[in-house]
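*Asks:* following is a predicted model, sequence given first.
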Amino acid sequence: MLDHLSVPVTDIDRSRQFYESALAPLGYRLIKDFNHAVNFGVLEGYGKFSDPGGEFWIYQGNALPCPATHFAFSAETRDVVDAFYHAAIEAGGQDNGKPGIRALYHAHYYAAFVRDPDGYNIEAVFHRSIAS
């Protein structure tokens with residue numbers, strides 16, 4: 001089980017703004033801001049994390065090689081996947097796969113993909129049938 005991720009970004013201010021908007025539909029909030037590093041976490045509801053300091057860090061540095069870098073965030077519903085996609089696009093992300101079923105992975109794999117300001121492939125995914 002993962003405890004946290006730390007990802008370098010080329011412009012911390014631009015990426016802070018992007019992730020604040022893109023991850024809000026998934027329940028993530030800005031937890032800590034050290035100017036050169038920012039942490040996001042889910043403090044209540046679906047996906048609540050045990051560390052009150054959050055689990056997803058971005059920090060000023062050199063971006064990782066793309067397109068190999070990929071991060072997937074769990075969504076509570078398909079509607080939340082849709083909201084993530086629209087928030088990320090409005091925040092300046094680039095479409096890398098509109099919300100929909102990805103039957104290649106499994107019958108209920110509902111996901112959306114967006115490239116963040118550094119070109120990272122960011123995904124929101126819901127794994128259950130809508131009847132679940």
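*Replies:* That came in fine, so what should we check first? Numbers count the residues shown, from 1 in each chain.
*Asks:* what's Lys48 sitting at in phi/psi?
*Replies:* Phi and psi for Lys48, reported as degrees, to the nearest 10, are phi -50, psi 130.
*Asks:* please give me every residue in contact with it.
*Replies:* Applying CB atoms under 8 Å, 6 or more residues apart in numbering to Lys48 gives the contacts Gly27, Val42. Yep, even glycine has a C-beta here, placed from its N, CA and C like the rest.
*Asks:* ditto for Asn35
*Replies:* Counted by CB under 8 Å, 6+ apart, Asn35 has contacts Ile12.
*Asks:* please apply the same query to Ala63.
*Replies:* Contacts of Ala63 by CB under 8 Å, 6+ apart are Pro8, Val9, Thr10, Asp118, Gly119, Tyr120.
*Asks:* what's the longest strand in the protein?
*Replies:* strand 94-101 (DSSP state E).
*Asks:* tell me the helices and strands packed up against that one.
*Replies:* helix 78-90, strand 110-115 (3 or more CB pairs under 8 Å, 6 or more residues apart in numbering; DSSP states H and E).
*Asks:* okay, those, which one's buried deepest?
*Replies:* strand 110-115 (a mean of 23; mean count of other CB atoms under 10 Å).
*Asks:* just checking, what packs against that one?
*Replies:* Against strand 110-115 (3+ CB pairs under 8 Å, 6+ apart) you get helix 78-90, strand 94-101, strand 121-126.
*Asks:* these: which one's closest to His36?
*Replies:* strand 121-126 (21.2 Å; CB to CB).
*Asks:* elements contacting the closest one?
*Replies:* Counting contacts by 3+ CB pairs under 8 Å, 6+ apart, strand 121-126 packs against strand 70-74, helix 78-90, strand 110-115.
*Asks:* got the contact list for that strand?
*Replies:* 22, 25-26, 66-67, 69-78, 80-81, 84-85, 88, 93, 96-97, 108-116.
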